[in-house]
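> Structure for the following, please:
(one chain, ligands or ions: 1)
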Amino acid sequence: MPSTKPEKLTFRQNVDLMADRAIKVLGLEEGVAQALKCCDSVLQVKFPVDISGKIQIFTGWRAVHSTHRLPAKGGIRFAPYVNQDEVEALAALMSYKCALVDVPFGGSKGALLIDPVQYNRDELQHITRRYTLELSRKGFLSPATNVPAPDVGTGEREMAWMADTYKHLHPEDVNYLGCVTGKPVRHGGIRGRTEATGRGVQYALQEFFRHKEDVKHANMSGGLGGKCVVIQGLGNVGYHAAKFLSEEDDVKIIAIIERDGVIVNKRGLPVEKVLQFIIKNKTIKGFPDGKFGKNGAKALEMECDILIPAAMEGQITRQNANRIKAKLIVEAANGPVTFEADKILNKRGIVMMPDTFVNAGGVTVSYFEWIRNLSHIRFGRMERRYDELQGRQYADMLEEVTDKKIPDGKRNKLIRGATEIDLVRSGLDDTMRLAYQKMREALLSNKKIHDLRTAAFVISIKKLANSYLDIGVF
Ligand code: NAD
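Modelled structure (predicted):
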């Protein structure tokens, strides 16, 4: 039996314990519960790469948690601290996430043990292509069975290398572009994928603030505008979430926590400027419009309305959970709150929006990208001009009937056909709204459910269990 003592829990055990709460609510029998939680398969690869005349051995993983739907889907991270337990935990979260937001994929995750900043572009390309070869040869990469995406330390560039390697290995596969998502748009990607996870965080918060009782339950009032936010991690997810929330929803980003410390400005930080400063200086220290502090972890405990951990797992633990002052924690990262911390925060009445919901925007838009790759056509290509024509006829008719001219701005809005990015954002917004509504419905209708995380797990696990039971796996 794995140890379940506080502080000794691995990421995987944390996820399993959270799943157990939902399994108890659902009253699933032990065998079913075990089968649901375990990873179907885990591949570990070790491969040599020639780096400047010296052979280096790299270790990577790809875990498949569930295959009740195919392909199995999940990001690939390049990081110097990954291990198999973490990859399995993340693969399990992917299964629960996909089920929650109705994305018809199984759950998977991959990782390469590497510090990407230690290698130049050519070396990284070589390493990524070699890792791709391993995954493909061993049956862990294909549009039909296993489709990676970006995660910590990877992005569009790595996905383009992976897709290209796969294409050369499988030139007969007409759907080769669907072997990974998160590709650059000019290499088969979809508009809106890079921003998708952060955009999903924004939509999740917008939906939360549409429910006055939920806002009150989190000891807040009013709308999203003017709320003070502390965000940890200004990477892909954190940057886009902070940017959209501050620029479009009038939220004040009062602190940005990065690896090397924190910058604070109670009047609100200019997110774009902060990012450009980090890109130029490789640190947030010295940013002119904010006060720098060395202790980033301590800043998680700052007074604020909303705390958005968007960096990595295990940031809020039983050590600091009692000192968190935020009223709402929005889990943009995977697993930022441990099982023990979750219990403490729930007792203290701090509301948490769980990771499987909050960061599901990434896999949702990946799903759209995969469909686009399989259908070999850009969304909106067939209907955009037709919609414009209809809009124009409608506007003309309106002018004729009312005998009034529609102002140009309004007319242009009326006749504009939806572009790919419009459709992607609309599909993502709908997904996030519906998922939140399902979670709150479960929370309000079942007395055994006391928090949004358990609600999310109940919804996902019920779907997974039904899917397995329907096809007679058990
Ligand atoms: P990223 O590598 O682009 O960004 C991570 C950021 O966090 C970096 O800026 C890094 O410097 C910072 N960081 C790392 N450790 C930190 C620490 N201890 N304190 C403060 N900052 C720290 O990664 P990402 O893609 O933005 O992913 C972030 C999280 O979101 C991960 O948990 C990932 O699994 C999850 N996620 C990502 C996606 C996606 O589409 N990229 C989708 C779903 C979930």
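> So which bits of the stretch 1-150 of the chain are right by the ligand?
Gly75, Pro150 (CB under 6 Å from any ligand atom). Yep, even glycine has a C-beta here, placed from its N, CA and C like the rest.
> can you give me the strands for the stretch 1-150 of the chain?
Assigned by DSSP state E, counting those that start in this stretch, the stretch 1-150 of the chain shows strands spanning 41-51, 54-64, 72-79, 106-113, 146-150.
> Reformat the ones you listed into JSON lines and put mean pLDDT next to each item.
Shown next, in JSON lines, are the strands of the stretch 1-150 of the chain (pLDDT from 0 to 100):
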{"stretch": "strand 41-51", "mean pLDDT": "98"}
{"stretch": "strand 54-64", "mean pLDDT": "98"}
{"stretch": "strand 72-79", "mean pLDDT": "98"}
{"stretch": "strand 106-113", "mean pLDDT": "98"}
{"stretch": "strand 146-150", "mean pLDDT": "97"}
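> Select, out of these, the one closest to Lys462.
Checking these against Lys462 by CB to CB gives strand 106-113 as the closest, at 15.6 Å.
> Now the chain against the ligand: closest residue?
Ranked by CB to the nearest ligand atom, the top residue of the chain for proximity to the ligand is Gly235, at 1.6 Å.
> ok, and the closest non-adjacent residue to Ala311?
Leaving aside its sequence neighbours, Ala311 sits nearest to Gly233 (CB to CB, 6 or more residues apart in numbering; 2.9 Å).
> Next, work out how far apart the one you found and Phe209 are.
Distance from Gly233 to Phe209, counting by CB to CB, to the nearest Å: 23 Å.
> Name the residue in these two with the higher neighbour count.
More crowded of Gly233 and Phe209, by other CB atoms under 10 Å: Gly233, with 25 against 19.
> before we move on, what SS does Gly226 have?
Here Gly226 is coil, with the state taken from DSSP: H, G, I helix; E, B strand; the rest coil.
> residues near the closest residue to it other than its chain neighbours, how many?
Nearest residue to Gly226 in three dimensions, chain neighbours excluded: Asp250, at 6.3 Å (CB to CB, 6+ apart). Burial of Asp250 is recorded as 13 neighbouring residues (other CB under 10 Å).
> want to throw the strands of the stretch 1-150 of the chain into a markdown table with mean neighbour count and distance to Tyr394?
Below are the strands of the stretch 1-150 of the chain laid out as a markdown table (neighbours: other CB atoms under 10 Å; distance: least, CB to CB, whole Å):
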| stretch | mean neighbour count | distance to Tyr394 |
| --- | --- | --- |
| strand 41-51 | 14 | 54 |
| strand 54-64 | 19 | 49 |
| strand 72-79 | 27 | 40 |
| strand 106-113 | 27 | 44 |
| strand 146-150 | 27 | 39 |
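> how about those strands in JSON lines, adding distance to Leu224?
Shown next, in JSON lines, are the strands of the stretch 1-150 of the chain (distance: least, CB to CB, whole Å):
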{"stretch": "strand 41-51", "distance to Leu224": "40"}
{"stretch": "strand 54-64", "distance to Leu224": "36"}
{"stretch": "strand 72-79", "distance to Leu224": "28"}
{"stretch": "strand 106-113", "distance to Leu224": "31"}
{"stretch": "strand 146-150", "distance to Leu224": "27"}
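> mind checking which of these is nearest Arg453?
strand 106-113 (16.9 Å).
> Go ahead and produce CSV holding the CA coordinates of the closest one.
This file holds the C-alpha atoms of strand 106-113, laid out as CSV (Å, rounded to 0.1, in the frame of the first residue of the first chain):
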residue,chain,number,x,y,z
GLY,A,106,-8.7,9.4,-23.3
GLY,A,107,-6.0,10.8,-20.9
SER,A,108,-2.3,10.8,-21.5
LYS,A,109,0.8,12.8,-20.7
GLY,A,110,4.5,12.8,-21.6
ALA,A,111,7.7,14.3,-20.3
LEU,A,112,11.3,14.5,-21.1
LEU,A,113,13.9,15.0,-18.3
